[in-house]
Structure formats: C-alpha cells, structure tokens
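Q: This is a predicted model, with the sequence first.
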Amino acid sequence: REVSTLGVGVYLLRVPNGKVLNTVRLLNSYPGVRYAEPDYEAHEAGVPNDPSFPMQWAFQNTGQTVNGVKGTAGDDEKAVSAWNVATGSRSIVIGEVDTGVDYTHPDLAANIWVNPGGIGNCAAGTHGYNVLAASCDPMDDDTVYGGHGTHVAGIMGAVGNNGIGVTGVNWTTTILPVKWVSSSGTGVTSDLITALDWLLQAKQAGVNIRVVNDSDVFFGTAYSQALSDEIDLLGQNNILFVTAAGNTGDNNDNPSVRRYPCGYERSTEICVTASDQ
C-alpha cells in the first residue's frame, strides 16, 4: 500500500484492484477516521457542445420543442448514454451510397475517407467514387433535398463536440461516399449495384468497411434478384447493409406497398424506420 498527503489531515491510500470498497469499510470502522471514501474516476459527460444539438431530439429528448412540436422526454435513442462509453473510431469505415457527400463541409471534412492511392483506380487524396460520371469525385450535387447524401452523412458522422453545427451518431468515424443518385434525385438499380461493388472491391483491397448505408429509397421499385445477391455478397465479406424503410408510413410487410431494398430481408441487412418526437 502507498500513502500520500493531499492536505491537512487528508490522505490518499492506494490499494490493489478489487480491494477499494473493503478498505473503505474497514477505515470507516476506526474511531480516529472522520471518513474514508473511494477516489472516484470522473469522465466527460456525453453531451456534446455542438450548438444545434438541442434540436437533435432523437439523440436526447428532454421534452424540448423542436420545429414547433413538443417532444416526450426519454423518447430517444439513448445516444448520450452510449457516448459516455464510446464516441466512435476513425478505424471503422462506413460506406455511403447516395447523392454523394460534400466532403469539404466543416462539420464533416475531418471524418471523410481519404484514398491512400490506388483504391478503385483512384488517386491519393480523393474521397470516394462517382458511378454516374465514372470519376473519383463523389461531391454531392443534389438539388432536390439540398444535399441528401450530405445530410445523411451528418447523421452518421458529423464531428461531435467541436462547437460547430450538429453531432453525428459517431463523433469520430470514416465515411466513404459513393455517388449513384443524380442531382435530380433519380437512380437505377444497376448503378446502385455498381456502387456497392466498388465498396466491396475497396474492402477486399484492405479498406476496413464494416457498414454500408443506402438511404435513397424510391417509389415503385420492383424486386431485384441482382441487388439482393449483391447484399448477400457484402455480408459474405463481413459488411452490414443498412437501408431506409421508405419515409412514407407504408407497411413493408404488405407486398403491395413493400419498399426495396428494405424488403429483401437479408440476414446481413438492417431496415431502419423512425418515430416522431
């Protein structure tokens, strides 16, 4: 045991792991000891300092009013509790297939993948791939939603606790964008498959892609065996495929209104829906 003096009559006693509470109880039983207590380890709170975080009720719902709607306290993702444990890792790469991403955005730039050179036949310093232009520039040019892919990237990985904008589910991560949807919000299944295959080749070349997110879901999309097989192929390479349920309130268990890729229900696929606040 090691004893050091912290002040007048205050001492710090170091004891072996697992012995703290028993030692505290023993010391408190001595008449000459006013009190004995553990030296508590403190951690930074999981609430980030990003100025728009109070609007992100899905992460922390305190019953605040957002866009004129008062929420129900506690109806959230419990993200703050998770952030008290971990806030992400840049070693984990998220492939994002969408309208591209504004990789210069001040709340995203630090979390965007940078090609070391040669991945997907693209030069060092590039940030992904553009299926439509067959180029290595996945810049978001969406005019329908003002940057759909950039918005989704912010949900997944806007830099957290940097005093700028919003925070992502991951404060630190690596987002690898592949653009397959046009500026007017249209896309074809073959281009989505090409986008997913580009990410698969990147994984096989050593990029640690663990998850691929596809939040572009369209009306009237029919079943595609080729796309279902591609999702399976991602799974065989230890890549989880995440997609959106569709944002229309339709029941995906009803074949007449089922949305794809959600409806493929592959074993390595997660289909995500949402609630209100």
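A: Nice, thanks for sending it over. Numbers count the residues shown, from 1 in each chain.

Q: going forward, measure contacts and count neighbours with C-alpha atoms only.
A: Will do.

Q: got a list of what E77 touches?
A: Counting by CA atoms under 8 Å, 6 or more residues apart in numbering, E77 touches 58-60.

Q: quick one, phi/psi of the spatially most central residue of the chain?
A: The C-alpha lying nearest the average C-alpha coordinate of the chain belongs to M156 (CA atoms, centre = their mean; 3.3 Å). Backbone torsions of M156, given as degrees, to the nearest 10, read phi -70, psi -40.

Q: Next, V181: secondary structure please.
A: The three-state assignment at V181 reads coil, by DSSP: H, G, I helix; E, B strand; the rest coil.

Q: I'd like to know how many residues surround it.
A: For V181, the tally of surrounding residues (other CA atoms under 10 Å) stands at 25.

Q: Which pLDDT value belongs to it?
A: At V181, the model reports a pLDDT of 95.

Q: Check whether it really touches V101, as I assumed.
A: No: V181 is beyond contact range of V101, at 11.3 Å (criterion: CA atoms under 8 Å).

Q: What's the first helix or strand after the longest helix seen in the chain?
A: The longest helix of the chain (DSSP state H) is helix 189-204. Per DSSP states H and E, the first helix or strand lying C-terminal to helix 189-204 is strand 209-214.

Q: can you list contacts of whatever helix or strand comes next after that next one?
A: Downstream of strand 209-214, the first helix or strand assigned by DSSP H and E is helix 225-236. Contact partners of helix 225-236, identified using CA under 8 Å, 6+ apart, comprise 189, 193, 196-197, 200, 240-241, 261, 264, 266-269.

Q: Same question for stretch 143-158.
A: So stretch 143-158 is in contact with 96-102, 107-108, 111, 140-142, 166-175, 183-185, 215, going by CA under 8 Å, 6+ apart.

Q: Kindly export that stretch (C-alpha atoms) in PDB.
A: Taking Å, rounded to 0.1, in the frame of the first residue of the first chain, the C-alpha atoms of stretch 143-158 are listed here in PDB:
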ATOM      1  CA  THR A 143     -30.800  19.900 -55.800                       C
ATOM      2  CA  VAL A 144     -34.000  18.100 -54.700                       C
ATOM      3  CA  TYR A 145     -33.200  18.000 -51.000                       C
ATOM      4  CA  GLY A 146     -30.300  20.400 -50.900                       C
ATOM      5  CA  GLY A 147     -27.800  17.600 -50.400                       C
ATOM      6  CA  HIS A 148     -29.400  14.400 -49.400                       C
ATOM      7  CA  GLY A 149     -26.200  12.400 -49.100                       C
ATOM      8  CA  THR A 150     -24.500  15.200 -47.100                       C
ATOM      9  CA  HIS A 151     -27.500  15.300 -44.700                       C
ATOM     10  CA  VAL A 152     -27.300  11.500 -44.200                       C
ATOM     11  CA  ALA A 153     -23.500  11.700 -43.600                       C
ATOM     12  CA  GLY A 154     -24.200  14.300 -40.900                       C
ATOM     13  CA  ILE A 155     -26.500  11.900 -39.100                       C
ATOM     14  CA  MET A 156     -23.900   9.100 -39.300                       C
ATOM     15  CA  GLY A 157     -20.800  11.100 -38.600                       C
ATOM     16  CA  ALA A 158     -20.800  14.900 -38.200                       C
END
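
Q: Alright, that wraps it up for me.
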